[in-house]
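In: Can you look at this prediction? I've put the sequence above it.
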Amino acid sequence: MERPSLEFNLPDTHEEGKLYVVDSLNNLNKLNVCPAESQHSLDEEENTGGTGESISGGNTRNQCLLFITFILTLIVSLALVSFVIFLIFQTRNEVDQISSRLLSEKKNIEELKKLNNIILKHLNQSRIKE
């Protein structure tokens, strides 16, 4: 692919016209040389006059957004951790209640077994006597 020559014979124009043509040629050269991603930063630099005001302002804005996002993430994480701790304590209380019920039921079952054995012995003895 041939690149057009950047040297042109300009007709008699005013100085501002010459500067405009040279600036246009520079922009055309930037489009041909620079990739699409870097063109956006070049356009920003041209819009700010090359002083970097947009970049530093954007950097400050990005840092502020990053800080706010970080704080919000910490708050959400703290809320989730608190909720998990609450659930752990609730679950522990429920397990303690269930285990105490099971122990009392176990005692009741053992007492019923003893009564059943006593009744069976008594029945066996009464049959033997008859």
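Out: Yes, it's here.

In: Okay, Leu103 and Asn59: tell me how far apart.
Out: To Asn59, Leu103 is 65 Å away according to C-beta to C-beta, to the nearest Å. Just so you know, the C-beta spots here come from the backbone N, C-alpha and C atoms, and that holds for glycine as well.

In: er, Ile75 actually
Out: 25 Å.

In: Give the rounded mean pLDDT of the helix or strand Asp96 falls within.
Out: Applying DSSP states H and E as the criterion places Asp96 in helix 53-129. The average pLDDT for helix 53-129 rounds to 91.

In: elements contacting it?
Out: The helices and strands touching helix 53-129, judged by 3 or more C-beta pairs under 8 Å, 6 or more residues apart in numbering; DSSP states H and E, are helix 36-47.

In: and the helix it packs on, average pLDDT?
Out: Mean predicted lDDT for helix 36-47 stands at 54.

In: Let me know how buried Gln63 is, in neighbour terms.
Out: Residues lying near Gln63 (other C-beta atoms under 10 Å) number 10.

In: distance of it from Phe70?
Out: For Gln63, the distance to Phe70 - C-beta to C-beta - is 10 Å.

In: same check, this time on Cys64
Out: Distance from Cys64 to Phe70, by C-beta to C-beta: 11 Å.

In: intersection of neighbour lists for those two?
Out: Common contacts of Cys64 and Phe70 (C-beta atoms under 8 Å, 6 or more residues apart in numbering): none found.

In: Glu105 and Cys64, how far apart?
Out: From Glu105 to Cys64 the distance is 61 Å (C-beta to C-beta).

In: scratch that, Val95 is what I was asking about
Out: Following C-beta to C-beta, the distance that separates Val95 from Cys64 is 47 Å.

In: Please apply the same query to Lys114.
Out: 75 Å.

In: With Gly58 instead?
Out: Relative to Cys64, and taking C-beta to C-beta, Gly58 is found at 11 Å.
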